[in-house]
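Asks: turn this into a structure:
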Amino acid sequence: MSRLNDFFKYGGRLVTVVSLLVITYCFAMFQGGFVSWYLFFTLLPFVIYSILLAFMPIKITEISRTLSKERVERGDNVIVTVKFRNASWFPLIFLTVVELPMDTRYYEAANGDASKLFLVGWKREFEWSYELKQLKRGEHHFQGMAFTCTDFFGWTIRKVKVEQPQMFFVYPKVYRVKTVLLKMQYDQGTAASLYSLVKDTTMVTGVREYAPGDRFSWIHWKSFAKNGELRTKEFEDKQSQNIFFLIDRSVQRNFEQVVDFTASYISMIVKERGDTSLLSVGMDRYFAPVIKTESQFERVMQHLVTIQADAQFGVDKLLLEDQKLMMRSVVVIVTGELTPKLKELLSSSSSYAKKIICFVFGNEVDSTLYHHNNQVIFMKPVSENQAVAEVNVS
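Replies: Just a heads-up that it's a prediction; the model follows:
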């Protein structure tokens with residue numbers, strides 16, 4: 001039905017143009033005189049161009065888009081630069097280019113420049129830019145472009161859609177989390193230290209592949225002399241706990257702040273050469289047993305790009321069902337709401353893990369007394385690129 005409507009719409013325009021030429025010719029033939037023939041020959045080139053435009057092929061090639069930022073995070077503004085080539089041999093007059101709409105759930109409306117009008121002539125290469133504002137976390141998909149060609153007076157309109165799919169990721173906002181003061185339980189006793197893991201360089205437990213940033217003194221020279229590959233010594237950590245992150249995907253409230261904080265905290269631990277784990281359960285299940293290198297952290301970020309608050313149960317159930325994974329760890333729960341079930345679990349015991357720390361994003365303050373080995377920290381939704389958390393892990 002739509003094709004039939006398009007036929008009558010554009011076919012009607014063509015009939016109108018041809019009728020205009022016939023009418024002016026008949027008027028000149030019967031009326032005669034300079035004015036009538038002047039009117040006919042004045043309209044003739046415009047009418048001929050309109051008729052040719054209706055039938056000539058329009059070919060647009062080499063469409064490309066580039067973003068102003070290589071890595072885009074939630075809340076960023078991005079300038080999209082579009083380039084394309086007009087490969088049509090027929091000269092065009094006016095060309096309007098429109099970026100086909102994307103999913104508006106992930107970004108605010110473009111800054112009025114997602115379309116552009118060009119005066120073409122014989123020009124081949126074209127370029128223009130527009131801005132996408134306040135991008136939201138997720139996978140963003142460009143669909144393609146719509147090209148509209150018209151003649152001098154808009155008598156003939158040609159529309160061509162070119163599919164040019166392209167995808168880019170918008171990652172969680174990673175901001176600076178100030179170094180947290182942790183009171184860690186060592187095998188020899190209790191001591192307070194900065195979170196950055198302190199390596200005991202007198203106790204070598206193994207070797208691993210060299211990573212940029214490793215100290216020169218940590219290189220295992222014997223293995224280098226043997227096979228010519230740089231490897232780094234692994235030392236025993238004075239810290240006996242592993243940090244185990246749980247994201248509460250059952251709460252929609254402040255979920256973006258929850259994801260941002262989780263990504264920022266894990267990023268800080270990885271930069272400090274620490275070890276951590278992550279469990280994320282919703283419609284899908286994702287478990288990262290070890291997050292220590294940049295490549296492992298990048299895989300976590302790929303997961304955090306797409307997760308949604310789609311879990312059918314809370315983190316309290318995860319603590320019960322997956323306690324074998326976290327019994328020897330300090331469990332860090334990040335949630336947008338302190339639910340009654342989670343509050344009851346934190347108040348009862350800490351048999352599920354060595355310690356449970358719950359970060360709650362919200363403005364409320366709770367005075368409930370929790371088990372002495374558990375702690376709840378209320379965080380205000382982050383509006384600046386910085387968050388401070390003081391955590392005492394005993």
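Asks: pull the helix or strand with minimum mean pLDDT from the protein.
Replies: Counting by mean pLDDT, DSSP states H and E, the weakest-scoring helix or strand in the chain turns out to be strand 189-194, with a mean of 39.
Asks: so which residues of this structure form helices?
Replies: Using DSSP state H, the helices of the chain run over 2-31, 34-55, 221-227, 255-271, 294-306, 315-321, 323-326, 340-348.
Asks: right, so the ones you listed: which one is the most enclosed?
Replies: Of all the helices of the chain, helix 255-271 has the most neighbours on average by mean count of other Cβ atoms under 10 Å, namely a mean of 22. Backbone N, C-alpha and C define where each C-beta goes, glycine included.
Asks: got the CA coordinates for that one in PDB?
Replies: Provided in PDB are the C-alpha atoms of helix 255-271 (Å, rounded to 0.1, in the frame of the first residue of the first chain):
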ATOM      1  CA  PHE A 255      20.700   1.900  39.100                       C
ATOM      2  CA  GLU A 256      23.000   4.000  36.900                       C
ATOM      3  CA  GLN A 257      24.800   5.400  39.900                       C
ATOM      4  CA  VAL A 258      25.200   1.800  41.200                       C
ATOM      5  CA  VAL A 259      26.800   0.700  37.900                       C
ATOM      6  CA  ASP A 260      29.100   3.800  37.700                       C
ATOM      7  CA  PHE A 261      30.300   3.300  41.300                       C
ATOM      8  CA  THR A 262      30.900  -0.500  40.700                       C
ATOM      9  CA  ALA A 263      33.000   0.300  37.600                       C
ATOM     10  CA  SER A 264      34.900   3.100  39.400                       C
ATOM     11  CA  TYR A 265      35.600   1.000  42.500                       C
ATOM     12  CA  ILE A 266      36.800  -2.000  40.500                       C
ATOM     13  CA  SER A 267      38.900   0.300  38.300                       C
ATOM     14  CA  MET A 268      40.600   1.700  41.400                       C
ATOM     15  CA  ILE A 269      41.400  -1.800  42.700                       C
ATOM     16  CA  VAL A 270      42.800  -2.900  39.400                       C
ATOM     17  CA  LYS A 271      45.100   0.200  39.200                       C
END
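Asks: what packs against that helix?
Replies: Using 3 or more Cβ pairs under 8 Å, 6 or more residues apart in numbering; DSSP states H and E, the elements in contact with helix 255-271 are strand 176-177, strand 242-247, strand 276-281, strand 285-291, helix 294-306, strand 329-335, strand 355-361.
Asks: just send the ones you listed back as a markdown table, with distance to residue 100 and mean pLDDT too.
Replies: Listed next are the helices and strands packed on helix 255-271 as a markdown table, based on distance: least, Cβ to Cβ, whole Å; pLDDT from 0 to 100:
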| stretch | distance to residue 100 | mean pLDDT |
| --- | --- | --- |
| strand 176-177 | 38 | 80 |
| strand 242-247 | 34 | 87 |
| strand 276-281 | 33 | 90 |
| strand 285-291 | 32 | 89 |
| helix 294-306 | 22 | 92 |
| strand 329-335 | 37 | 86 |
| strand 355-361 | 36 | 85 |
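Asks: doesn't residue 174 make contact with residue 268?
Replies: No: at 9.1 Å, residue 268 does not count as touching residue 174 under the criterion of Cβ atoms under 8 Å.
Asks: ok, residue 374 - how many residues close by?
Replies: Residues near residue 374, counting by other Cβ atoms under 10 Å, number 20.
Asks: how far away is it from residue 22?
Replies: 89 Å (Cβ to Cβ, to the nearest Å).
Asks: same question for residue 232.
Replies: For residue 232 relative to residue 22 (Cβ to Cβ), the value is 86 Å.
Asks: okay, now the domains of the protein?
Replies: Domain assignment of the chain by automatic domain parsing yields the ranges 2-52, 60-171, 176-198+238-387.
Asks: beta partners for residue 125?
Replies: residue 85 (DSSP bridges).
Asks: identify the residues contacting it.
Replies: 83, 85-86 (Cβ atoms under 8 Å, 6 or more residues apart in numbering).
Asks: which of the residues you listed are buried? Put it as a ChimeraX command.
Replies: One line in ChimeraX is enough to select the buried ones among the contacts of residue 125; burial here means 16 or more other Cβ atoms under 10 Å:
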select :86
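Asks: pick the one among the contacts of residue 125 closest to residue 168.
Replies: Checking the contacts of residue 125 against residue 168 with Cβ to Cβ, the nearest one is residue 83 at 16.3 Å.
Asks: hmm, the closest one is touching residue 64, no?
Replies: Yes: using Cβ under 8 Å, residue 83 makes contact with residue 64 at a distance of 5.0 Å.
Asks: separation between residue 319 and residue 147?
Replies: 56 Å.
Asks: with residue 114 instead?
Replies: 14 Å.
Asks: now swap in residue 47 and tell me
Replies: Where residue 147 is concerned, residue 47 sits at a distance of 23 Å (Cβ to Cβ).
Asks: now do residue 63
Replies: Counting by Cβ to Cβ - residue 63 and residue 147 are separated by 10 Å.
Asks: any shared contact partners between the two?
Replies: residue 162.
Asks: skip the chain neighbours and tell me the closest residue to residue 314.
Replies: The shortest distance from residue 314 to any residue other than its chain neighbours is 4.5 Å, reached at residue 250 (Cβ to Cβ, 6 or more residues apart in numbering).
Asks: what do you get for residue 292?
Replies: Excluding the flanking residues, the one nearest residue 292 by Cβ to Cβ, 6+ apart is residue 275, at 5.4 Å.
Asks: quick check: phi and psi on the one you found?
Replies: Per-residue torsions, residue 275: phi -120, psi 140 (degrees, to the nearest 10).
Asks: my guess is it meets residue 245, correct?
Replies: No: with contact defined as Cβ under 8 Å, residue 275 does not reach residue 245; the gap is 11.7 Å.
Asks: neighbours around residue 309, how many?
Replies: Look at residue 309: counted by other Cβ under 10 Å, it has 18 neighbours.
Asks: tell me, what's the model's pLDDT at it?
Replies: On pLDDT, residue 309 comes in at 89.
Asks: give me every residue that touches it.
Replies: 249-252, 255, 282, 336.
Asks: try residue 114
Replies: 98-99, 130.
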